[in-house]
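Visitor: need a structure here:
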Amino acid sequence: MHNRGTRMPLLPLEPFLFPATLLDHYEPAARAAWWVLHTRPRAEKTLVRRLHSRAIPFYLPLYPRQRNYSGRTRTAFLPLFPGYVFLHGGDEARRRALETNLIVRTLPVPDQGQLVQDLQRVQRLVEHGTAVAPLDHLVPGTPV
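Guide: Predicted coordinates for the structure are as follows:
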């Protein structure tokens, strides 16, 4: 039995980084590249479950959002970048990801090193418990 006010996750935290060392050390690979996968609405977690089951490297930054339900605080883990998953792999991995029918389009990453640095920074913020959440008021393509 749980006390009122106890924080319980709505769902347990699922894999969000595979393999766990994916962002540890970046070295450009001839056969692998980073891709940004634009997903169908609300399909990010389903996509990463399928990528995980196929052993395709991915990163889905998540943040915790707490809500009160019937006097209990519940935590849900939501995508920090709604509609996007980051895939690392070659053409075969990209093709296998597209076979899920959960991807609207794949976006190439012109500066692979910069993306990895940015993703590493995001992951460090998440790991250290820094409060992160999407900003609804930003317009795509405008500088912050």
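Visitor: distance between the ends of stretch 61-77?
Guide: Distance between the two ends of stretch 61-77: 9 Å, counting by C-alpha to C-alpha, to the nearest Å.
Visitor: which parts of the chain are strands?
Guide: Per DSSP state E, the chain has strands spanning 7-9, 17-18, 33-39, 58-59, 62-69, 72-79, 84-89, 103-108. These are given in chain order.
Visitor: could I get those as JSON lines with distance to Q123?
Guide: C-beta coordinates here come from the backbone N, C-alpha and C atoms, glycine included. Converted to JSON lines, those look like this (distance: least, C-beta to C-beta, whole Å):
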{"stretch": "strand 7-9", "distance to Q123": "20"}
{"stretch": "strand 17-18", "distance to Q123": "7"}
{"stretch": "strand 33-39", "distance to Q123": "14"}
{"stretch": "strand 58-59", "distance to Q123": "8"}
{"stretch": "strand 62-69", "distance to Q123": "10"}
{"stretch": "strand 72-79", "distance to Q123": "14"}
{"stretch": "strand 84-89", "distance to Q123": "11"}
{"stretch": "strand 103-108", "distance to Q123": "20"}
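Visitor: nearest to V132, of the ones you listed?
Guide: With C-beta to C-beta, the closest approach to V132 among the strands of the chain belongs to strand 62-69: 5.0 Å.
Visitor: is the nearest residue to T106 once chain neighbours are set aside in a bridge, and if so with what?
Guide: Excluding the flanking residues, the one nearest T106 by C-beta to C-beta, 6 or more residues apart in numbering is W35, at 5.0 Å. According to DSSP bridges, the residues that bridge with W35 are L87, P108.
Visitor: what about stretch 14-29, start to end distance?
Guide: Separation of the first and last residues of stretch 14-29 by C-alpha to C-alpha is 27 Å.
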